[in-house]
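S.K.: compute the structure for the input listed below.
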Amino acid sequence: MDPPVSRAQRLIIDSINFKGFHAKKGVALKYCIHGALKNDEIYASPYQFDIQRFLPNGHPLLVNAAMQSDGDKAPATYPVFGGGSRMCVGNHFAKLVMRLFLTRLVQKYNLEVRHSKKEHCPIGGWKNEFRITPK
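M.R.: Prediction:
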């Protein structure tokens, strides 16, 4: 998944040194959101989409051990919605809408996984067929 905005910038309020790089106070620092999401120092298998990446460690639905460490990363490592005082207002709204959607889906419909099979091509994962019927 790629973020809708690929880059952002922040004004540096104090001079900093980071990994041999020096930035002076008052300079606009640009960062690449896409690059942060594909950083293998932060995320195991960054090019593989796995919804489990966003579950906290120890969650009962977490079955992929490779993704387990990603759930509790610092919020700044997932900058899609921005951060701090400039956090996108859509962040909480999007999460609320998804919770409401999933709640209504579970309340009003039966969800059955059928013909589930493990596939290794083009990438490892599961191929599932879902059947949704009204309750």
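S.K.: this protein: strands as residue ranges?
M.R.: For the chain, the strands defined by DSSP state E cover 7-11, 16-18, 21-23, 28-32, 109-119, 125-134.
S.K.: what average pLDDT does the fourth one get?
M.R.: pLDDT averaged over strand 28-32 equals 85, rounded to a whole number.
S.K.: and the last one, by the same measure?
M.R.: Taken as a whole, strand 125-134 has a mean pLDDT of 78.
S.K.: by contact count, what packs against that strand?
M.R.: The criterion is 3 or more C-beta pairs under 8 Å, 6 or more residues apart in numbering; DSSP states H and E, and the helices and strands that strand 125-134 contacts are strand 109-119. Where you see a C-beta, it was placed from the backbone N, CA and C, and this is true even at glycine.
S.K.: likewise for the longest one?
M.R.: The contact analysis (3+ C-beta pairs under 8 Å, 6+ apart) places strand 109-119 against strand 125-134.
S.K.: quick one on the thing from earlier: now distance to residue 93 and mean neighbour count too, for the strands of the chain, in CSV please.
M.R.: Compiled in CSV, the strands of the chain are given as follows (distance: least, C-beta to C-beta, whole Å; neighbours: other C-beta atoms under 10 Å):
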stretch, distance to residue 93, mean neighbour count
strand 7-11, 20, 12
strand 16-18, 33, 10
strand 21-23, 33, 10
strand 28-32, 24, 11
strand 109-119, 24, 10
strand 125-134, 25, 10
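S.K.: Throw these into CSV and include distance to residue 42, thanks.
M.R.: Output for those, formatted as CSV (distance: least, C-beta to C-beta, whole Å):
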stretch, distance to residue 42
strand 7-11, 17
strand 16-18, 15
strand 21-23, 18
strand 28-32, 13
strand 109-119, 27
strand 125-134, 21
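S.K.: which of these sits closest to residue 59?
M.R.: strand 125-134 (18.1 Å; C-beta to C-beta).
S.K.: what pairs with that closest one, parallel or antiparallel?
M.R.: If you go by DSSP bridges, strand 125-134 pairs up with strand 109-119 (antiparallel).
S.K.: still on that earlier bit, among the strands of the chain, which comes closest to residue 103?
M.R.: Nearest of these to residue 103, taken as C-beta to C-beta: strand 109-119 at 11.3 Å.
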